[in-house]
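*Asks:* Structure for this input, please:
(one chain, ligands or ions: 1)
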Amino acid sequence: MLRLSSCYRRMFLYIHVVRTPSTLRHAPLSTGARLAPARTQRSWEYLSEIDAEDPHGYSAGRYCPIEIGQNYKDGRYKVIYKLGWGGYATVWLARDTRNCTNVALKFGHVDVTSNELRIMRHLQKSHLAHPGRNHVVRLLDSFDVSSRHTCLVFEPMGVSVPARIERQTGGRLPARIARSVTLQLALGLDYLWQCGVAHGDLHIGNILFSAPEVAIWSEYRLKSYLGVPQTGAVKRLDGAPVLDSSMPRHLVWPRELPGSSTEIKIIDLGGAFFHDSPPDIVHTPYHVRAPEALFGQPLNHGVDMWSIGCLLFEIITGRALISPILADRLSSIEEIRSCIGTAPKEWVDSLSDEDKEIMRRNSVDPLELDRYFRLAYEQDDDAILGCGGEDDFQVEDYEKAPRELTHEQLDSISATLHKILVYDAHSRGTPAELLRSPWFENNDAEDVSIAQCKGDGQAQGESRDEMSAC
Ligand SMILES: Nc1ncnc2c1ncn2[C@@H]1O[C@H](COP(=O)(O)OP(=O)(O)OP(=O)(O)O)[C@@H](O)[C@H]1O
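*Replies:* Got it, this is the predicted structure:
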């Protein structure tokens, strides 16, 4: 019985990594609601052929209705295309007609965007000279759209890290790129921490490749690249006309911009907080949410270290540490237990009897972190699934990513993961300590992207060539 449920849970890991279409993998992952979800107020009244943001988010006032071609801030910004959506905001590519550049406009409810704006302004004022500054998205401007909605103006970013991983053979980045991405991520987080800020919502979808060239493309070139937007009318389920003025006429399918450089940046500081005033809850997706948050224990900025540990695992192996598909609070607690052992007794005791019973029924076989890391890197699904001979779920050798890392490198990464992925948030260390990990030592003279991260801005063209293969 134990064996079966273990197999079942881990099978989702396989399905997520190997078989899940990109649209599903890239759907927003945040869970929990910073504002009450609309469906609790009116259930399933609207639908659209475009499976993007939930239209009920508009009727609840969470999203701001945007149409392509609309102008904002006295005509300065003209909306050209949609770039993405999250649980709390929609993001649009716009032409900045004053500077003749392109920008990303993030529209959200003032209750949500005000926190992001406060944090971004704090970062702007910090003037801290830190290489990680280049790895956190830059706020360019902001303005109120109405009494309910605000718009934050960011530099436009390119393809997301998960999208780029998906395009790689075997579903993981080449080791040099994985090292560069994780290094920039740690630098970005170190910068945030040095400014007294915790990100609070670090997940792989919040890491985007830069698109500096796109910022200066002409409107004509942008439109030729993006093509005609795919849209779907918003309709009422009962067939009645949509009279709600907060509802857009259409939903638009987003497109990612090409990320032509090796540089990444962390986006979405909507869940960020100051180290000296941690929130009671975080909205990080369950599969990268720190265990103390899953158990409802007091939080501190150590939640970021847990998430970055999960991201290291995911970016290096190409597989999520905790299965994201169908992840919920209890399944994540259970999978963490299977990797790093049982949580502190007082945390477990704090669970309701019902939760304990659900966890007992769905318990997962232990698969110790070090072993799991190596099996994930080897893409040895037979062993991970623990099903023995489930041929249907095996990855064929030709589908697998090349094994570029040596045993010594895997040992040292595993040691780093062991340090970070612990229940005690204070023992997880800091991004600065993580940056001293041997994984980031530049022992490859040709590693242009890493040299760039460390301030040696040479030969970007070379690394672009490598990335264009991704
Ligand atoms: N500067 C940007 N350039 C290009 N695309 C962006 C940019 N910022 C955000 N996006 C796209 O928009 C999506 C939603 O943005 P973001 O994560 O900031 O919204 P959110 O509602 O706060 O998300 P969440 O539900 O994770 O809290 C991102 O996943 C990304 O695809």
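*Asks:* Write out the residues of the stretch 101-250 of the chain neighbouring the ligand.
*Replies:* Contact residues (Cβ under 6 Å from any ligand atom) of the stretch 101-250 of the chain with the ligand: A104, K106, V137, F154, P156, M157, S160, D201, G205, N206. (C-beta placed from N, C-alpha, C; glycine too.)
*Asks:* OK, contacts around the first one?
*Replies:* Counting by Cβ atoms under 8 Å, 6 or more residues apart in numbering, A104 touches L83, V91, W92, L93, A94, V153, F154, E155, P156, M157.
*Asks:* What is the nearest of the residues of the stretch 101-250 of the chain next to the ligand to G302?
*Replies:* Comparing those against G302 with Cβ to Cβ places D201 closest, at 14.6 Å.
*Asks:* Quick check: closest non-adjacent residue to that closest one.
*Replies:* G271 (3.6 Å; Cβ to Cβ, 6 or more residues apart in numbering).
*Asks:* Which ones among the contacts of A104 map onto strands?
*Replies:* Counting by DSSP state E, the part of these found in strands is L83, V91, W92, L93, A94, V153, F154, M157.
*Asks:* Would you convert those into JSON lines that also reports pLDDT and neighbour count?
*Replies:* Converted to JSON lines, those look like this (pLDDT from 0 to 100; neighbours: other Cβ atoms under 10 Å):
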{"residue": "L83", "pLDDT": "98", "neighbour count": "24"}
{"residue": "V91", "pLDDT": "98", "neighbour count": "24"}
{"residue": "W92", "pLDDT": "98", "neighbour count": "26"}
{"residue": "L93", "pLDDT": "98", "neighbour count": "23"}
{"residue": "A94", "pLDDT": "98", "neighbour count": "27"}
{"residue": "V153", "pLDDT": "98", "neighbour count": "21"}
{"residue": "F154", "pLDDT": "98", "neighbour count": "21"}
{"residue": "M157", "pLDDT": "97", "neighbour count": "27"}
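*Asks:* State the pair within those residues that is farthest apart.
*Replies:* Top of the distance list for the ones in strands among the contacts of A104 (Cβ to Cβ): A94 and M157, 13.6 Å.
*Asks:* Can you name the residue of this structure nearest to the ligand?
*Replies:* G86 (2.0 Å; Cβ to the nearest ligand atom).
*Asks:* List the buried residues of stretch 429-446.
*Replies:* Within stretch 429-446, the residues that count as buried by 16 or more other Cβ atoms under 10 Å are G429, T430, P431, L434, L435, S437, W439, F440.
*Asks:* average pLDDT across that stretch?
*Replies:* Across stretch 429-446, pLDDT averages out at 82.
*Asks:* Residues contacting that stretch, please?
*Replies:* Here stretch 429-446 has contacts from 176, 179, 182-183, 186-187, 189-190, 193, 304-305, 308, 312, 409, 412-413, 416, 419-420, 450-451, 454, using Cβ under 8 Å, 6+ apart.
*Asks:* gap between it and the chain center?
*Replies:* Averaging C-alpha positions (Cα atoms, centre = their mean, to the nearest Å) puts stretch 429-446 22 Å from its chain's average.
*Asks:* Check stretch 276-290 too.
*Replies:* Using Cα atoms, centre = their mean, the offset of stretch 276-290 from its chain centre is 14 Å.
*Asks:* picking that back up, which pair in the residues of the stretch 101-250 of the chain next to the ligand spans the largest distance?
*Replies:* So, these by Cβ to Cβ: farthest apart are P156 and D201, at 20.4 Å.
*Asks:* ok but T150 is inside a strand, no?
*Replies:* Yes: assigned with DSSP: H, G, I helix; E, B strand; the rest coil, T150 falls within a strand.
*Asks:* List the residues that contact it.
*Replies:* When contacts are counted by Cβ under 8 Å, 6+ apart, T150 is found next to F107, G108, H109, V110, T113, S114, L117, S142, F143, D144.
*Asks:* Select only the buried ones of these in PyMOL?
*Replies:* Per 16+ other Cβ under 10 Å, the buried members of those correspond to this PyMOL selection:
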select buried, resi 107+108+109+110+113+117+142
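*Asks:* Give me the subset of the contacts of T150 lying in strands.
*Replies:* Those of those mapping onto strands are F107, G108, H109, S142, F143, D144, per DSSP E.
*Asks:* Go through stretch 132-139 and flag the buried ones.
*Replies:* Of the residues in stretch 132-139, those buried (16+ other Cβ under 10 Å) are G132, R133, N134, H135, V136, V137, L139.
*Asks:* isn't the third one right up against T262?
*Replies:* Going back to what we said before, that points to N134. No: the criterion here is Cβ atoms under 8 Å, and N134 misses it with T262 at 11.9 Å.
*Asks:* who touches both of the two?
*Replies:* If you check N134 and T262 against Cβ under 8 Å, 6+ apart, no residue is contacted by both.
*Asks:* Would you map the helices across the stretch 151-300 of the chain?
*Replies:* 161-167, 175-194, 212-215, 219-226, 291-294 (DSSP state H, counting those that start in this stretch).
*Asks:* for the ones you listed, which one sits closest to P402?
*Replies:* helix 175-194 (8.6 Å).
*Asks:* Restrict the closest one to CA atoms and write it as CSV.
*Replies:* The C-alpha trace of helix 175-194 is given here as CSV (Å, rounded to 0.1, in the frame of the first residue of the first chain):
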residue,chain,number,x,y,z
ALA,A,175,25.4,22.4,-16.9
ARG,A,176,27.2,25.7,-17.6
ILE,A,177,24.0,27.5,-18.2
ALA,A,178,22.4,25.9,-15.1
ARG,A,179,25.4,27.1,-13.1
SER,A,180,25.1,30.6,-14.6
VAL,A,181,21.4,30.8,-13.9
THR,A,182,21.7,29.6,-10.3
LEU,A,183,24.6,31.9,-9.7
GLN,A,184,22.7,34.9,-10.9
LEU,A,185,19.7,33.8,-8.9
ALA,A,186,21.8,33.6,-5.7
LEU,A,187,23.4,37.0,-6.5
GLY,A,188,19.9,38.5,-7.0
LEU,A,189,18.7,37.1,-3.8
ASP,A,190,21.8,38.2,-2.0
TYR,A,191,21.2,41.8,-3.3
LEU,A,192,17.6,41.7,-2.0
TRP,A,193,18.7,40.4,1.4
GLN,A,194,21.4,43.0,1.7
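*Asks:* Many thanks, I have nothing further to ask.
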